[in-house]
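**Student:** just the structure for this:
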Amino acid sequence: MVQNAGPATKKVERRLGVMEMKTVRWMAGITREDRLRNENIRERFGIATIADKLREIRLRWYGQKIRKADPANEWDKR
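**Tutor:** Next up is the predicted model:
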């Protein structure tokens, strides 16, 4: 999992997506000559895009920060 890597720009997300699909194709034994679209490969193996994964991580982090800042969520100090 990537942590504290800074904001991912569109260029970085695209490059990560290319790297991910090359790896998935290699592991599945699918070549470019098979002419399968990336969307079809992701659907077949149930893989989300890197952009979706990064968005999910950001939202989880943001929710954690919101909950931490909310005084109603603090435990009673006894």
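**Student:** residue 34 versus the residue most central in space within the chain, what's the distance?
**Tutor:** By Cα atoms, centre = their mean, the chain has its centre lying nearest to residue 53, at 1.7 Å. Separation of residue 53 from residue 34 (Cβ to Cβ, to the nearest Å): 25 Å. Backbone N, C-alpha and C define where each C-beta goes, glycine included.
**Student:** how about residue 60?
**Tutor:** From residue 60 to residue 34 the distance is 35 Å (Cβ to Cβ).
**Student:** equivalent analysis for residue 40, please.
**Tutor:** 10 Å.
**Student:** what about this protein, any weak spots by pLDDT?
**Tutor:** For the chain, the stretches with pLDDT under 70 are 1-6, 73-78.
**Student:** so which elements touch the helix or strand where residue 51 lies?
**Tutor:** Per DSSP states H and E: residue 51 is located in helix 50-69. Applying 3 or more Cβ pairs under 8 Å, 6 or more residues apart in numbering; DSSP states H and E, we find helix 50-69 packed against helix 10-28.
**Student:** buried sites along the helix it packs on?
**Tutor:** 13, 16, 20, 21, 24, 25 (16 or more other Cβ atoms under 10 Å).
**Student:** which of these sits closest to residue 47?
**Tutor:** residue 24 (6.4 Å; Cβ to Cβ).
**Student:** hmm, residue 45 and that closest one touching each other?
**Tutor:** Yes. Between residue 24 and residue 45 there is a contact at 6.8 Å, judged by Cβ atoms under 8 Å.
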